[in-house]
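>>> Okay, predicted coordinates and the sequence, questions at the end:
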Amino acid sequence: MIKSLYTRIVLVFLAVIIVGLISSLLIGLALFQKDLNKAGQNDMIAAGREIVQLYERNPPQHHEEFMMSMAKLTSYPFQLVAETSAWELYGFDHPEFAVSIRPEAVRMVLKGELYRSSKSDEDTFVGLPFDMNGSRYALFVQSSAKNEATIYRLLIAILLMVLVIGCVGILISARYIVKPLKTMTSATKKLAKGDFEVELSLKRKDELGTLAQSINVMARELKQLEQMRQDFVSNVSHEIQTPLTSISGFAKALKNDQLVDEKNRDRYLDVIVSESERLSRLSDNLLQLASLESEHHPFKATRFNLDEQIRQAVVACEPLWSGKRIDMDMVVSSSIPITADYDQLNQAWVNLIGNSIKFTPEGGKIRIDIAQKGHELTVAITDTGCGISKEQQAHIFERFYKTDSARNSKKGNGLGLAIVKKIVEHHQGTIEVISTLGQGTTIILNLPAK
């Protein structure tokens with residue numbers, strides 16, 4: 001079994017060249033055989049007439065010597081047939097190679113007509129009338145076997161040279177094709193082993209160049225995914241480790257009566273409960289985000305009023321915004337129906353409103369604008385919080401990303417906006433952020449009505 005691509009390419013190219021050359025030769029002979037025969041007959045007629053004219057201008061004493069010299073001079077063998085049916089052969093190294101001429105052809109030439117061989121004849125020849133010593137002869141000039149052999153040797157030599165030159169060209173071109181494939185194979189092996197520092201520098205414009213560029217793009221994306229995976233593991237570990245440390249520390253302190261007096265016991269228990277709830281929320285958010293990112297998350301579409309749903313979410317968050325004396329304002333012109341997943345959108349409004357409340361200072365303001373234009377609904381949530389820088393705006397929808405790394409980790413785990421984005425994508429909508437550092441933030445959601 002031939003396993004090497006290089007060997008396969010060479011053998012296939014050789015087979016194609018050999019078959020192509022032989023087929024071309026056979027087809028060429030078939031197409032031009034008639035023209036070749038006609039051209040050969042014209043040459044033989046010219047040689048025969050030259051013989052006749054030379055004889056007529058200077059009749060020799062012995063015609064046998066004359067005919068022998070003419071056969072050597074013209075390189076054509078010929079037969080001389082008398083009216084008495086006597087045959088004379090000239091220029092034949094082997095008499096058995098003399099073509100058999102039909103009697104009707106002899107009769108035509110003896111009558112003074114020119115004769116050209118046809119398909120019914122064994123070989124290519126011509127017949128000319130020849131008057132010699134007052135008698136009529138038929139001169140039949142036959143194609144030279146020597147000339148044909150020379151032509152065949154020339155054709156074979158040409159075929160062999162084309163084959164040799166083609167083989168050399170194939171060997172070089174096959175190496176040119178296989179070399180980048182070997183490079184790409186080596187690169188894919190590195191990728192399989194987890195080495196994503198792969199950069200192929202093939203500057204080709206063909207399909208191999210496109211494949212090399214695709215491998216480079218794949219390597220960069222895999223490297224980015226690996227970095228995201230490492231960051232995800234690190235963030236999850238950090239988010240889990242912090243509350244676990246608190247729970248473990250306070251639980252150990254509670255076991256020792258000498259370290260904790262009675263008045264601090266309830267406070268320690270409250271911390272343990274709070275951190276446990278935080279772990280539970282983190283677990284729920286991770287499960288929800290993983291489900292949203294999969295292709296099997298359930299989508300239950302129902303018909304409801306979007307403005308009423310957002311109003312209920314605002315009411316549910318009232319203890320948070322009223323506790324900070326935030327002015328909550330909701331602007332909607334009329335009832336806006338929507339067909340969507342009620343629970344998913346409700347989760348999105350709770351996350352967005354909660355996020356705005358979290359980063360809006362006391363006495364601030366939050367405004368929710370709901371509008372409909374054709375079949376598209378727009379919800380804009382604007383707060384007067386601390387705002388987000390341009391650099392941070394590109395990352396706020398990433399998992400575990402927090403705009404302020406120094407902010408108390410108890411304020412969130414960085415999954416809320418990532419969940420919101422996935423919910424909006426499930427509804428074939430879009431989400432964008434407009435923010436100025438120190439002046440506030442606006443989150444805009446565009447959703448289809450159906």
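Arrived safely.

>>> pLDDT on the lengthiest helix in the chain, on average?
Secondary structure of the chain per DSSP state H: the longest helix is helix 5-57. Helix 5-57 carries an average pLDDT of 78.

>>> What are the buried residues along stretch 10-26?
10, 13, 17, 21 (16 or more other CB atoms under 10 Å). Yep, even glycine has a C-beta here, placed from its N, CA and C like the rest.

>>> need the residues you listed in a markdown table with distance to F250, can you?
Shown next, in a markdown table, are the buried residues of stretch 10-26 (distance: CB to CB, whole Å):
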| residue | distance to F250 |
| --- | --- |
| V10 | 76 |
| F13 | 78 |
| I17 | 84 |
| L21 | 90 |
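
>>> can you pull out the strands in this protein?
78-82, 87-90, 115-116, 125-132, 135-142, 301-305, 327-332, 337-341, 365-373, 376-383, 430-436, 440-448 (DSSP state E).

>>> For A192, find the nearest of those.
Of all the strands of the chain, strand 430-436 sits nearest to A192, with 36.6 Å by CB to CB.

>>> List the strands paired with the closest one, with their directions.
Strand 430-436 has the following sheet partners, assigned by DSSP bridges: strand 440-448 (antiparallel).

>>> could you dump the partner strand to CSV, C-alpha only?
Taking C-alpha atoms only, strand 440-448 is exported to CSV below (Å, rounded to 0.1, in the frame of the first residue of the first chain):
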residue,chain,number,x,y,z
GLY,A,440,-23.6,57.1,34.5
THR,A,441,-24.5,54.2,32.2
THR,A,442,-27.2,53.3,29.8
ILE,A,443,-27.9,49.7,28.8
ILE,A,444,-30.0,49.3,25.7
LEU,A,445,-31.9,46.1,24.7
ASN,A,446,-33.5,45.6,21.3
LEU,A,447,-35.9,42.7,21.1
PRO,A,448,-38.2,41.5,18.4
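
>>> by how many degrees do it and strand 365-373 diverge?
Strand 440-448 runs at 20 degrees relative to strand 365-373, counting by axes from the mean of the first three to the mean of the last three CA atoms, to 10 degrees.

>>> mind checking how far I443 is from E50?
Distance, I443 to E50, using CB to CB, to the nearest Å: 105 Å.

>>> picking up where we left off before, could the strands of the chain go into JSON lines alongside mean pLDDT?
Below are the strands of the chain laid out as JSON lines (pLDDT from 0 to 100):
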{"stretch": "strand 78-82", "mean pLDDT": "86"}
{"stretch": "strand 87-90", "mean pLDDT": "82"}
{"stretch": "strand 115-116", "mean pLDDT": "88"}
{"stretch": "strand 125-132", "mean pLDDT": "88"}
{"stretch": "strand 135-142", "mean pLDDT": "88"}
{"stretch": "strand 301-305", "mean pLDDT": "87"}
{"stretch": "strand 327-332", "mean pLDDT": "86"}
{"stretch": "strand 337-341", "mean pLDDT": "87"}
{"stretch": "strand 365-373", "mean pLDDT": "89"}
{"stretch": "strand 376-383", "mean pLDDT": "89"}
{"stretch": "strand 430-436", "mean pLDDT": "87"}
{"stretch": "strand 440-448", "mean pLDDT": "89"}
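
>>> could I get the ones you listed as a markdown table with mean neighbour count?
Shown next, in a markdown table, are the strands of the chain (neighbours: other CB atoms under 10 Å):
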| stretch | mean neighbour count |
| --- | --- |
| strand 78-82 | 21 |
| strand 87-90 | 15 |
| strand 115-116 | 20 |
| strand 125-132 | 22 |
| strand 135-142 | 21 |
| strand 301-305 | 12 |
| strand 327-332 | 14 |
| strand 337-341 | 18 |
| strand 365-373 | 17 |
| strand 376-383 | 20 |
| strand 430-436 | 15 |
| strand 440-448 | 19 |
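
>>> For the chain, which helix or strand comes out least confident on mean pLDDT?
None of the helices or strands of the chain scores lower by mean pLDDT, DSSP states H and E than helix 262-293, at a mean of 70.

>>> Can you pull out the residues in contact with stretch 382-391?
Residues from elsewhere that reach stretch 382-391 (CB atoms under 8 Å, 6 or more residues apart in numbering): 356-357, 359-361, 364-369, 396, 403-404, 433, 435-442.

>>> Distance from that stretch to the middle of the chain?
43 Å (CA atoms, centre = their mean, to the nearest Å).

>>> Start and end of it, how far apart?
By CA to CA, to the nearest Å, the extent of stretch 382-391 from end to end equals 20 Å.

>>> Pull out the buried residues from that stretch.
Within stretch 382-391, the residues scored as buried using 16+ other CB under 10 Å are 382-388.

>>> ok, now stretch 44-60?
Going by neighbour count (16+ other CB under 10 Å), the buried part of stretch 44-60 is 44-45, 47-49, 51-52, 55.

>>> ok, how many other residues are close to A418?
For A418, the count of nearby residues is 22 (other CB atoms under 10 Å).

>>> got a list of contacts for stretch 162-181?
Counting by CB under 8 Å, 6+ apart, stretch 162-181 makes contact with 5-6, 9-10, 13-14, 17-18, 21, 202, 204, 208, 212, all of which sit outside it.

>>> Can you give me the domain assignment for this structure?
Following automatic domain parsing, one finds the domains of the chain at 5-149, 207-292, 298-448.

>>> Can you tell me which of those is nearest to M184?
With distances scored as CB to CB, the stretch of the domains of the chain nearest to M184 is domain 207-292 (5.9 Å).

>>> about what we covered before: may I see the strands of the chain organised as CSV, with distance to A174 added?
Shown next, in CSV, are those (distance: least, CB to CB, whole Å):
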stretch, distance to A174
strand 78-82, 53
strand 87-90, 55
strand 115-116, 50
strand 125-132, 49
strand 135-142, 48
strand 301-305, 58
strand 327-332, 71
strand 337-341, 58
strand 365-373, 62
strand 376-383, 58
strand 430-436, 51
strand 440-448, 55
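
>>> Out of the ones you listed, which is closest to Q392?
For those, proximity to Q392 was assessed by CB to CB; strand 430-436 is nearest, at 8.6 Å.

>>> thinking A418 is in contact with E425, fair?
No: using CB atoms under 8 Å, A418 is not in contact with E425; the gap is 10.9 Å.

>>> how many neighbours does S69 have?
Using other CB under 10 Å: S69 sits among 14 other residues.

>>> Please apply the same query to N37.
17.

>>> Would you agree it is in contact with T124?
Yes: if you go by CB under 8 Å, N37 and T124 touch, sitting 5.2 Å apart.

>>> who touches both of the two?
S117.

>>> And the buried residues of stretch 10-26, which two are furthest apart?
V10 and L21 (16.5 Å).

>>> ok so, going back, for the buried residues of stretch 382-391, which one is nearest G194?
I388 (35.0 Å).

>>> do you know how far the closest one is from A46?
Shown here: I388 relative to A46, a distance of 99 Å by CB to CB.

>>> Can you tell me how far K182 is from T74?
With CB to CB as the criterion, K182 and T74 are 62 Å apart.

>>> Same check on L200?
L200 sits 68 Å away from T74, going by CB to CB.
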